[in-house]
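# need coordinates for the following:
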Amino acid sequence: MRVEARGLTFEVRTGGPEGGEPVLLLHGFPQHAGEWAEVVPALHAAGLRTYALDQRGYSPGARPAEVGAYRIPELVADAAAVLDALGVTAAHLVGHDWGAIVAWGLAAAHPERVRTLTAVSVPHPAAMGHALATDPRQKARSSYIALFRKPGKAEKVLLAFRAAALRRMLGGVGDADRVARYADPMREPGALTAALNWYRAMTGADMKAVGPVAVPTTFVWSDGDVAIGRTAADACAAHVTGDYRFVVLPGVTHWIPDEAPGPLAAAVLARAGR
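Next up, the predicted model:
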C-alpha cells in the first residue's frame with residue numbers, strides 16, 4: 001500500500017490479522033522492506049499486524065534530492081508520521097541496521113509511540129560512539145563509511161561492473177537471487193545516491209542527540225557481524241533504562257533478518273509478550 005506522510009509517498013507492505021497489535025518494521029542499507037519477508041509469517045501467526053516501510057530514499061515517491069533531508073531527525077519524523085497516517089497510536093518497533101538507528105531515535109524521543117523495541121545489529125548510537133572512541137577494531141570495522149560519504153565516488157565504486165561490489169557486500173543475505181533482490185533496485189537512477197545520503201547527512205550531533213531509551217527493549221546482535229563488534233554491542237545496555245535483553249546469535253552475519261529469520265522472530269515475539 002502507499003501512505004502519504006510529510007508531503008511524501010511511502011510504500012508500506014502490510015500483513016497479518018486486522019486488529020492485531022501493530023508492528024512497524026524498519027529496514028537497513030542497502031535493502032528494503034522485503035528483508036522482513038521471512039520474519040513476518042511467525043509474527044502474523046502470533047496475531048500481530050505488520051507494517052514494513054520502505055523508508056525515505058527507498059520509496060520512489062519519498063526521494064528528496066538534498067542531502068540534509070536525510071538527517072536522523074527527518075527519518076525519525078517519517079516513522080512517526082507514517083504511524084499517524086496508518087492510524088496507529090503506538091506500535092511494537094523493529095529496526096535493522098539503519099532502521100535500528102531510526103528505531104532508537106523514535107523510542108527515545110517518542111516513547112509513547114513505542115510499545116516495545118527490538119533493535120537488530122546496530123546498538124544505541126551512544127554505544128557506537130563509545131566503541132568508535134575506545135576500540136581501534138571498531139574504527140576499522142566502520143572505515144567503509146568514509147567511502148560511502150563521498151558523493152559520486154561511492155556510487156561509481158559500488159555500481160561498477162553491474163554493481164559487483166554492492167553484490168559482494170550483500171553476499172551474506174543468501175543466494176544470487178536474494179542478492180539481486182536488494183542490489184537491482186539500487187541500480188535504478190537516483191536510488192543508490194538517496195540511500196547513501198543517509199550516511200552523508202549523518203552528524204555526530206544528531207547521533208549524540210538520541211537519548212536513553214525507557215521502553216522495553218531487546219538488542220539482537222550476531223557475532224559474525226563485520227560492521228559491529230562486541231565493544232559496541234556490550235555498551236548498548238548502558239543506554240536503556242527500561243527492561244533490557246541482549247540476544248546474541250552465534251555464527252550469523254550482519255544480515256540477520258535474511259540469515260536467521262526464525263531466531264529473530266522469536267526474539268521479537270518474546271519482547272512483544274507472545
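
# excluding chain neighbours, what is closest to residue 225?
Excluding its sequence neighbours, the residue lying closest to residue 225 (C-beta to C-beta, 6 or more residues apart in numbering) is residue 254, at 4.4 Å. The C-beta positions use only the backbone N, C-alpha and C, and glycine is treated the same way.

# give the contact list for the one you found.
By C-beta atoms under 8 Å, 6 or more residues apart in numbering, the contact list for residue 254 reads 97, 121, 172, 222, 224-228.

# make sure it is indeed in a strand.
No - judged by DSSP: H, G, I helix; E, B strand; the rest coil, residue 254 forms no part of a strand; its state is coil.

# neighbours of residue 151, just the number please.
If you count neighbours by other C-beta atoms under 10 Å, residue 151 ends up with 12.

# re earlier: now the residue nearest to residue 225: phi and psi?
With angles defined as degrees, to the nearest 10, residue 254 sits at phi -60, psi -30.

# what's the answer for residue 245, then?
phi -130, psi 140.

# so how far is residue 225 from it?
Between residue 245 and residue 225 the computed distance is 18 Å (C-beta to C-beta, to the nearest Å).

# of those two, who's got more company?
residue 225 (22 against 15).

# any idea how many residues pack against residue 157?
By other C-beta under 10 Å, neighbour count at residue 157 equals 14.

# same thing with residue 137?
Other residues near residue 137 come to 11 when the count uses other C-beta under 10 Å.

# okay, and it sits in which element?
Assigning secondary structure by DSSP states H and E places residue 137 in helix 136-141.

# which residues does that helix contact?
128, 131-132, 226-229, 231-232.

# ranking the residues you listed by neighbours, who comes first?
residue 232 (26 neighbours).

# which residues does it contact?
By C-beta under 8 Å, 6+ apart, the neighbours of residue 232 are 123, 127-128, 130-131, 135, 138.

# what do you get for residue 229?
Residue 229 touches 131, 135, 137-138, 141, counting by C-beta under 8 Å, 6+ apart.

# same list (those) but as JSON lines, adding pLDDT and distance to residue 92.
Output for the contacts of residue 229, formatted as JSON lines (pLDDT from 0 to 100; distance: C-beta to C-beta, whole Å):
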{"residue": "131", "pLDDT": "97", "distance to residue 92": "27"}
{"residue": "135", "pLDDT": "97", "distance to residue 92": "31"}
{"residue": "137", "pLDDT": "97", "distance to residue 92": "33"}
{"residue": "138", "pLDDT": "98", "distance to residue 92": "29"}
{"residue": "141", "pLDDT": "98", "distance to residue 92": "29"}
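
# can you give me the strands in the chain?
Here the chain has its strands, by DSSP state E, at 2-5, 8-15, 21-26, 48-53, 91-96, 114-120, 217-222, 244-249.

# for the top helix by length along the chain, packing partners?
The longest helix of the chain (DSSP state H) is helix 153-169. Other helices and strands packing on helix 153-169, by 3 or more C-beta pairs under 8 Å, 6 or more residues apart in numbering; DSSP states H and E, are helix 144-148, helix 176-186, helix 191-201.
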